[in-house]
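Trainee: got a structure for you, letters missing:
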């Protein structure tokens, strides 16, 4: 009980002013329900994922809002948390090229290369001309020491978007750094 008291005090201090009882002891707003996570969020990334991909209302997030939240996680290099969020998103929005591409990216950055390979393959099965998936798969090929495959992706990118698109330039730079 002693350990719980500071947590309760902190939570009460975070309540909106209108939810705190007034001088007469009545509350001007319904009492909020506070649930504490059962585990440490760092030990269980999925506990913080729901906060980052859902709103405070009971409406389901759209694909666009889900991807925006996940991209923020990826940009902050929170790959493990992003991977959990992406797996949930993959269930909510199955067969989405962007989700599979990001699953591949997060997996690759966590050195889960066989999973990454499967996700990129799925993304490219759904859309063989997805520029991001071609670039990232090419970068995975370099990790796997498959230079010829990376060069094949570079050639396909050149056909699709020319030499001035970002995906072509990034993969070309990675290949030049590899050799």
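Mentor: Structure received. No experiment lies behind these values; they were computed from the predicted model shown.
Trainee: by mean pLDDT, point me to the weakest helix or strand of this structure.
Mentor: When the helices and strands of the chain are scored by mean pLDDT, DSSP states H and E, helix 4-13 comes last with a mean of 35.
Trainee: my guess is residue 70 meets residue 83, correct?
Mentor: No - using Cβ atoms under 8 Å as the test, residue 70 is too far from residue 83 to be in contact (9.5 Å). From N, CA and C alone the C-beta is placed, and that goes for glycine too.
Trainee: give me the number of residues near residue 144?
Mentor: Residue 144: 15 surrounding residues under other Cβ atoms under 10 Å.
Trainee: same deal with residue 146?
Mentor: Counted with other Cβ under 10 Å, the neighbours of residue 146 add up to 13.
Trainee: cool, and residue 98?
Mentor: By other Cβ under 10 Å, neighbour count at residue 98 equals 20.
Trainee: that one sits in which helix or strand?
Mentor: Assigned by DSSP states H and E, residue 98 belongs to helix 97-109.
Trainee: now do the following helix or strand past that helix, average pLDDT.
Mentor: Next along the chain after helix 97-109, taking DSSP H and E as the criterion, comes helix 113-126. For helix 113-126, mean pLDDT rounds to 98.
Trainee: can you check stretch 171-179 too?
Mentor: On average, stretch 171-179 scores 94.
Trainee: buried stuff in that stretch?
Mentor: By neighbour count with 16 or more other Cβ atoms under 10 Å, stretch 171-179 contains the buried residues 171-172, 174-175.
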